[in-house]
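Asker: Quick one: sequence and predicted model below, then my questions.
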Amino acid sequence: MYYFYNVISRSTIQKVNDAADLLDVVGSYIKLKKRGANYLGNCPFHNEKTPSFTVSPSKGIYKCFGCGKAGNVITFVQEHEKLSYPEAITWLAKRYHIEIEETQVSNAEKEQRLIEESLRIINNFATAYFQENLESIEGKVIGMSYFKERGFRKETIDRFQLGYCPEEKTDLGQ
Ligand SMILES: [Zn+2]
């Protein structure tokens with residue numbers, strides 16, 4: 001038995017992803033100071049007096065070294081505004097004046113999309129995790145020197161969100 005639902009079209013989600021600016025969104029909630037290539041501020045997710053919330057505009061990710069919260073512009077809106085994924089897309093679409101197109105999908109397709117969204121969340125988390133590892137001592141010594149040897153420039157590493165998996169391979173799951 002098929003049921004049909006209205007969902008936000010994939011092209012709208014793509015447009016929102018392209019337009020949404022992490023620094024702009026985070027900057028509307030907290031004061032950020034430039035620190036090298038990144039921005040630093042007081043974490044909006046936990047109480048702190050010394051800033052440990054880092055935003056990387058080139059990578060499009062944030063990470064709090066106090067409470068461990070990390071993600072991209074969509075997860076930030078979800079967490080901060082307590083919204084679901086489609087609600088966060090709608091919120092961002094309004095902010096960036098993007099018209100929302102809807103498409104009709106069957107219940108089976110809707111199920112499939114939910115799986116995709118869950119995987120996307122896990123994937124975003126893993127990306128941020130590995131990218132952050134690249135900044136660690138082990139990451140710099142082993143990972144970064146390997147990229148340099150291959151002739152990868154900083155922009156390439158950021159653009160393709162390259163990261164480093166530590167020697168301890170089960171690290172991510174812990
Ligand atoms: Zn925090």
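Answerer: Perfect, I can see it now.

Asker: where does this protein come near the ion, residue by residue?
Answerer: Contact residues (CB under 5 Å from the ion) of the chain with the ion: Cys43, Phe45, His46, Cys64, Gly66, Cys67. Just so you know, the C-beta spots here come from the backbone N, C-alpha and C atoms, and that holds for glycine as well.

Asker: Could you count how many residues lie near the third one?
Answerer: Here the neighbour count serves as a burial measure; for His46 (other CB atoms under 10 Å) it reads 13.

Asker: per-residue pLDDT, it?
Answerer: For His46, the model assigns a pLDDT of 96.

Asker: how much space between the residue nearest in space to the middle of the chain and the ion?
Answerer: In the chain, the residue lying closest to the centroid (CA atoms, centre = their mean) is Asn72, at 2.0 Å. Asn72 sits 16 Å away from the ion, going by CB to the ion, to the nearest Å.

Asker: what's near enough to touch that residue?
Answerer: Leu22, Gly60, Ile61, Tyr62, Asn124, Ala128 (CB atoms under 8 Å, 6 or more residues apart in numbering).

Asker: how about the residues you listed in CSV, adding pLDDT?
Answerer: CSV is the format used below for those (pLDDT from 0 to 100):
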residue, pLDDT
Leu22, 96
Gly60, 90
Ile61, 90
Tyr62, 93
Asn124, 81
Ala128, 83
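
Asker: out of the residues you listed, which is most surrounded?
Answerer: Across the contacts of Asn72, neighbour numbers were computed from other CB under 10 Å; Tyr62 holds the maximum, 29 neighbours.

Asker: So what pairs up with it in the strands?
Answerer: Val55, Gly71 (DSSP bridges).

Asker: okay but it is in contact with Thr54, surely?
Answerer: Yes. Counting by CB atoms under 8 Å, Thr54 is a contact partner of Tyr62 at 6.5 Å.

Asker: Generate CSV for the residues of the chain next to the ion, with distance to Leu162 and secondary structure as supplementary columns.
Answerer: Shown next, in CSV, are these (distance: CB to CB, whole Å; DSSP: H, G, I helix; E, B strand; the rest coil):
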residue, distance to Leu162, secondary structure
Cys43, 26, coil
Phe45, 27, coil
His46, 29, coil
Cys64, 22, strand
Gly66, 26, coil
Cys67, 26, coil
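
Asker: Got a PyMOL select line for the buried ones in those residues?
Answerer: The following PyMOL line selects those of the residues of the chain next to the ion that are buried, judged by 16 or more other CB atoms under 10 Å:
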select buried, resi 43+64
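
Asker: of all the residues of the chain next to the ion, which comes closest to Val16?
Answerer: Phe45 (22.3 Å; CB to CB).
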